[in-house]
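In: Next comes the sequence, and after it the predicted model I'd like to discuss.
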Amino acid sequence: MPGIIVSDTSCLILLDKLGRIDLLESLFGEISITGIIAGEFGKKIPGFIKIENPKDKNYQRILESLLDPGEASAIALALEREESLLIIDEHKGRREARQLKLNYTGTVGILIVAKEKGLISSVTEILDEIQRTDFRLSEELIQEVKKRSGE
């Protein structure tokens with residue numbers, strides 16, 4: 001298990017829209033977000049989510065030249081903590097995380113793990129729910145996820 005789980009805003013918003021934000025608690029116990037992400041989420045933060053800001057704001061400032069403030073703060077926090085897992089969906093943010101050699105996944109990756117652990121019975125059902133939101137998934141990603149989850 002990673003030392004800290006850091007989530008960007010999109011995962012929280014999407015899982016909240018689907019009524020499945022509790023999957024994060026079931027999988028990880030506690031996750032961390034930054035104050036910026038809490039503001040972007042715009043709702044009461046569930047008790048299993050801890051607000052923690054990066055201590056060194058230099059990483060964050062540099063990353064903000066490339067990414068939105070929430071993504072930049074999440075990556076900066078993940079960089080400060082050993083054995084972190086970053087949950088990030090946006091392509092540019094994932095690219096930066098990869099270049100910085102961070103461990104990362106996305107919301108869809110969380111669904112695969114949730115199915116593996118028996119927390120959900122069907123990834124396909126949730127992918128269908130996601131398609132009815134404003135969150136966009138490529139057909140290629142949908143097929144890859146179904147294959148990886150055995151559906």
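Out: Received, thanks.

In: Roughly how far does residue 5 sit from residue 72?
Out: Separation of residue 5 from residue 72 (CB to CB, to the nearest Å): 18 Å. C-beta coordinates here come from the backbone N, C-alpha and C atoms, glycine included.

In: Strands of the protein, residue ranges please.
Out: All strands of the chain, identified by DSSP state E, fall at 4-7, 31-33, 49-51, 84-87, 103-105.

In: Could you identify which of the ones you listed is most buried?
Out: Per-stretch averages of neighbours, counted by mean count of other CB atoms under 10 Å, single out strand 4-7 among the strands of the chain, with a mean of 25.

In: so how far is that strand from its chain's centroid?
Out: Centre-to-centre, strand 4-7 and its host chain are 8 Å apart (CA atoms, centre = their mean, to the nearest Å).

In: Please name every helix or strand in contact with that strand.
Out: Under the contact definition 3 or more CB pairs under 8 Å, 6 or more residues apart in numbering; DSSP states H and E, strand 4-7 sits against helix 22-28, strand 31-33, helix 69-80, strand 84-87.

In: 7 Å instead, please
Out: Helices and strands touching strand 4-7, as assessed by 3 or more CB pairs under 7 Å, 6 or more residues apart in numbering; DSSP states H and E, comprise strand 31-33, helix 69-80, strand 84-87.

In: Contacts for that strand next, please.
Out: 28, 31, 32, 33, 74, 77, 78, 81, 84, 85, 86, 87 (CB atoms under 7 Å, 6 or more residues apart in numbering).

In: Show me what the mean pLDDT comes to for that strand.
Out: Throughout strand 4-7, pLDDT has a mean value of 96.
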